[in-house]
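Engineer: requesting a structural model of the entry that follows:
(2 chains)
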Amino acid sequence: MTLLLRRGSELRLLVWVAAIALTGFVAVAAAETTAFDRSQVLVPVLFVSMVVLLHAFLAARGLRGDQILLPMAACLTAIGLVLVQRLASSLLANQLSWTVIAAGAFIATILIPRDLTALARFKWSWALLGVALLVSPLLPVIGREINGARIWIGLGRVTFEPWEAVKIVMVVFFAAYLEEYREVIANTRRFGPLPIPPLPYLVPILAMWGFAMIVVIFEKDLGAAVLFLGIFLAMLYMATGESFYTLIGLALLLVGGFVVYHAFGHVQVRVDTWLRPFSEDMRFGAGYQIVQGLFALANGGLFGAGLGNGMPDRIPIVWSDFVFNAFAEETGFAGALALLALYLLFVYRGMLIALRAPTPFLQLLAAGLSFIVALQTLVIVGGNARLIPLTGVTLPFVAYGGSSLVTNWMLVGLLMRVSDLTARARGTE
Amino acid sequence: MTRSIGENIRSVTFVLALAFLISSIGVGYWTLVASDELGSDPFNPRLVSAIRDRPRGTIVDSAGGVLAESVKATDGYKRVYKDRTLSQVVGYASFKYGTAGVEAAYAESLVGQDPADPVATWRARYLNERESPGAVVLAIDPKVQKAAADALGGRRGAIIALDPRTGAILASVSFPNYDASLIADPTTEDTAWDQVSKNVDKPLIDRARLGVYAPGSTFKLVTGATALEVGVNPDTKVRVDDPWQADPSWGSYFVRSSSKAHGDYTMADGYRLSENIYFAKIGLQIGGAKLAEYAQRFGIGSAPKCDIAAAKGQLSNTGSLDRPTLIADTSYGQGELLVSPLQMALVAAAIGRGGVMPTPHYATEVRDAAGNTIRTVAPGAAGQVIRPDTAAKFTTYLVGAVEGPGAFAFGARINGVHVAGKTGTAENPAGPPHGWFVGFAPAEAPTVAVAVIVENSGQGGLDAAPLGGRVMQTALGK
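Structural biologist: Numbers count the residues shown, from 1 in each chain, chains lettered A, B, ... in the order given. Okay, the predicted model is just below:
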């Protein structure tokens, strides 16, 4: 009984997750078949049981702090499973296995490291791990090329995108490094209103970031490049409060974007399909995917076609690139807004945890991790809605793909650890 | 003083929240604002959604002959098209390549959700129940259609025939055409689409309503009608000496007479012999502003309000006539003019019908599965373009252009019926000139108006006139 009471809010919120998972699967099943099939209920029941077990584990371990992150992450994952069933049911078993692995990674994050602040001490190891992960797809034997991009590693049938994990490693390294040197970087000499960057102190993070950029550009992974730049600028700003760095970074983005646009054919195609996807030469070529995606959004209306009743399956690779549009087509603007609100709430909770955290390292860590989820959501939804050029990043927790699911659950674990530490340090719930 | 990390985190969170707001607005734009426009985009596969799991409505001609229907295939239904000469009008409904023509314009009606039947639409949307679809009936008269297709044969060009009294389109051919059944069939769609969309002759384009050409001498219908409206005396003799320029400021530029004419011309002579210099002088006498005003009233430079999208063409690159040489050239149908055959057929129809311009339409009614009429398509007249007395007077010149001594359009004559018409030869920079004919019959109370274009025809309008004559003859049942 005491176990249940300790994290009561979390358990109550999980009831809603269970309701969403069940109705989602039943709705998809009802739209596709007329006969009721018991196995359709099995998947959500299994998933909800697993999440309740996670909850029980947290309660048993006496974890304190945030009780909303787990239900939110579970809700997003449930929506993801419903959409995989809806859009690519043959991949459901795969995604379920990854969900179990993600749960395992989550538990591991909660269990180790025992002292989270110790992460900061190994910052150079993190930098090295990041570099190793980045180059791993280029190595023989384990490196894999899928759909023209060499950004995977694999063992047997299992493949993984290491850069997903690099995001987290990078945030840990930046947080640790900036905690130590933020004062030096911030309190620099000024030339009028302009700060003179203390270059020697910026070199390590610049090198880390630059290396990541080179590798992902070499691997033709535009989405990763945008995320790395975003994470770098955001962490630098949050640590120093120096908006001048952000401005320089954004200027560099524009200049770099211009150079990259002219240097690489695939970037040009991306931009062109963004600017004029409906033109004659585009709509059946490079622009086909985004045009079909926009048709899906347009079919959504206010309340959507209903789960299983839209036609999002006309969008190529909808389950990974355009899952947001599929959701919006079948649940409408109302559903899409609710989904975005869920992400914003997740980010808000994460930032709240960061604000309350006891040390600069934990603050920067939690804020950086929350920022990843926010930026990734904004970049893919922006691309899906043709606000910005489309890049291949995944919609956190929802899009099909194991690497992203596992790292995002680790991210939730880390945030909850920070929250737990804060609660203990303050001696409150 | 360094800002605290907390303050910085608050700023970043604020920026992120703002970005989420912008994203939501973007999503709202596509789901709510752009929804209607994209929902009816001919390439939206949702319009053909009924194609696989249930039959789509049929498309029939005015005699009840089936032009398009869904037949049972191994995996659901597929669309079959019966008349290749109507490929651009009927269009296609492909799961992958979207829809075109009637299939696009009446897409909702063909899946049992006609806008005039809100109950069926509501049931389909919210109860996922679809009425079995009915039919869209076209005004196409199979006999006239066949006559038009036979007349054009294998030449690049188009023929369109319509009823001036209603605007109903009786026949429409555009060559080259394509086999829409191959595009609608999933097993052949890719190769068929590849072939058709890459063909340099552009068979997908309906030349009759979407092809735009210089009208050549057929534009003299507009110039002459305008002249009569603004009070130019048609019997005043106008001196024609080839070559001609209004004043030396034209430099090396001259208007040429195709017959190297020297003589005094009335308007009747001008039409019968299609004299460019006569019309250039008349055009300059009317003035650019008046000529532009009447051209616009005749629908030049604006898309006809048709149930299937049609081209708008242009009066000139700027839309106005502001230079004397441009006015002179436009008056006899060159300059920067671009018109579609449909537009020229409408000009002829308006003159034949006493100055009243009809609104063109391909379909006449939408029926439900039981054969009951859901709605009729009968748009009223588009408006009075010129006075009835001007139209009547003017018609006599057009009859002269077909029947008079030495008339260019003699090929359009029909025994026992007075035919009004005009040939045209449109210079084009890309090759031999295109041949035009526009006309209507019977001249006194026309029941058919026609426009013919033969691309790169050897003898210009001389080649086109007999084709128009044959189509009108069939339409009149002669």
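Engineer: give me the element B:Val136 is part of.
Structural biologist: Per DSSP states H and E: B:Val136 is located in strand B:135-138.
Engineer: what packs against that strand?
Structural biologist: Here strand B:135-138 touches strand B:58-60, strand B:363-367, going by 3 or more C-beta pairs under 8 Å, 6 or more residues apart in numbering or on different chains; DSSP states H and E. Heads up, the C-betas are built off the backbone N, CA and C, glycines and all.
Engineer: quick one, helices of the stretch 101-250 of chain A?
Structural biologist: All helices of the stretch 101-250 of chain A, identified by DSSP state H, counting those that start in this stretch, fall at A:123-135, A:162-186, A:199-218, A:222-240, A:243-263.
Engineer: now for the shortest one, which elements pack on it?
Structural biologist: This points to helix A:123-135. helix A:162-186, helix A:199-218.
Engineer: tally of neighbours for residue 199?
Structural biologist: No chain in the question, so chain A it is. By other C-beta atoms under 10 Å in any protein chain shown, 9 other residues sit near A:Leu199.
Engineer: not quite, go with chain B.
Structural biologist: Counted by other C-beta under 10 Å, the residues lying close to B:Asn199 total 12.
Engineer: do a quick rundown of the strands in the stretch 201-350 of chain B.
Structural biologist: Remark: strands assigned in the stretch 201-350 of chain B by DSSP state E, counting those that start in this stretch are B:238-241, B:262-265.
Engineer: switch those strands over to TSV; also include mean pLDDT.
Structural biologist: As requested, those are arranged in TSV below (pLDDT from 0 to 100):
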stretch	mean pLDDT
strand B:238-241	88
strand B:262-265	89
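Engineer: all strands of chain A, in order?
Structural biologist: Applying DSSP state E to chain A gives strands spanning A:143-146, A:149-155, A:158-160, A:190-191, A:194-195.
Engineer: got the helices and strands packed on strand B:135-138 as TSV, with mean pLDDT columns?
Structural biologist: What follows is the helices and strands packed on strand B:135-138, written out as TSV (pLDDT from 0 to 100):
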stretch	mean pLDDT
strand B:58-60	94
strand B:363-367	94
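Engineer: now tabulate those in a markdown table and tack on distance to chain A and mean neighbour count.
Structural biologist: Output for the helices and strands packed on strand B:135-138, formatted as a markdown table (distance: least, C-beta to the nearest C-beta, whole Å; neighbours: other C-beta atoms under 10 Å in any protein chain shown):
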| stretch | distance to chain A | mean neighbour count |
| --- | --- | --- |
| strand B:58-60 | 23 | 22 |
| strand B:363-367 | 23 | 21 |
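Engineer: so for A:Gly241, which of these sits nearest?
Structural biologist: A:Gly241 lies closest, by C-beta to C-beta, to one member of the helices and strands packed on strand B:135-138: strand B:363-367, at 66.1 Å.
Engineer: neighbouring strands for the closest one, and are they parallel or not?
Structural biologist: With DSSP bridges as the test, strand B:363-367 is paired with strand B:135-138 (antiparallel), strand B:373-376 (antiparallel).
Engineer: which strands or helices does the helix or strand just after the first one pack on?
Structural biologist: The reference is to strand B:135-138. Counting by DSSP H and E, the next helix or strand C-terminal to strand B:135-138 is helix B:142-152. For helix B:142-152, the packing partners by 3+ C-beta pairs under 8 Å, 6+ apart come out as strand B:157-162, strand B:169-175, strand B:448-454, helix B:461-475.
Engineer: point to the residue nearest the middle of chain B.
Structural biologist: Nearest to the mean C-alpha position of chain B, counting by C-alpha atoms, centre = their mean, stands B:Arg209 at 2.4 Å.
Engineer: quick check, that one in contact with B:Leu342.
Structural biologist: Yes - with contacts counted by C-beta atoms under 8 Å, B:Arg209 reaches B:Leu342, the gap being 4.3 Å.
Engineer: any common contacting residues for these two?
Structural biologist: Here B:Arg209 and B:Leu342 have B:160, B:304, B:306, B:310-311 as joint contacts, going by C-beta atoms under 8 Å, 6 or more residues apart in numbering or on different chains.
Engineer: find the nearest non-adjacent residue to A:Gly62, please.
Structural biologist: In space, and not counting its chain neighbours, A:Gly62 is closest to A:Arg6: 7.1 Å by C-beta to C-beta, 6 or more residues apart in numbering or on different chains.
Engineer: pretty sure the one you found is in contact with A:Ala59, am I right?
Structural biologist: Yes - counting by C-beta under 8 Å, a contact exists between A:Arg6 and A:Ala59, whose distance comes to 5.0 Å.
Engineer: give me the neighbour count for residue 157.
Structural biologist: Reading this off chain A. A:Arg157 has 6 nearby residues by other C-beta under 10 Å.
Engineer: was after chain B, sorry
Structural biologist: 27.
Engineer: residues touching it, list them.
Structural biologist: B:174-175, B:207, B:434-435, B:452-455, B:457, B:464 are the contacts of B:Gly157 under C-beta under 8 Å, 6+ apart.
Engineer: repeat that with 7 Å
Structural biologist: Applying C-beta atoms under 7 Å, 6 or more residues apart in numbering or on different chains, we find B:Gly157 in contact with B:175, B:207, B:453-455.
Engineer: now B:Ile453
Structural biologist: B:157-158, B:207, B:213, B:341, B:434, B:436, B:464.
Engineer: ditto for A:Gln289
Structural biologist: A:315-316, A:321.
Engineer: equivalent analysis for A:Ile372, please.
Structural biologist: A:167, A:171, A:231, A:411.
Engineer: let's see that with 8 Å instead.
Structural biologist: If you count contacts by C-beta under 8 Å, 6+ apart, A:Ile372 has them with A:167-168, A:171, A:227, A:231, A:411.
Engineer: okay, the nearest residue to B:Phe43 once chain neighbours are set aside: pLDDT?
Structural biologist: With sequence-adjacent residues excluded and distances taken as C-beta to C-beta, 6+ apart, B:Phe43 is closest to B:Gly98, at 3.3 Å. Predicted confidence (pLDDT) for B:Gly98: 81.
Engineer: what's the burial count for residue 310?
Structural biologist: Since no chain was named, I'll use chain A. 25.
Engineer: let's do chain B instead
Structural biologist: If we define neighbours as other C-beta under 10 Å, then B:Ala310 has 21 of them.
Engineer: thanks a lot, see you next time.
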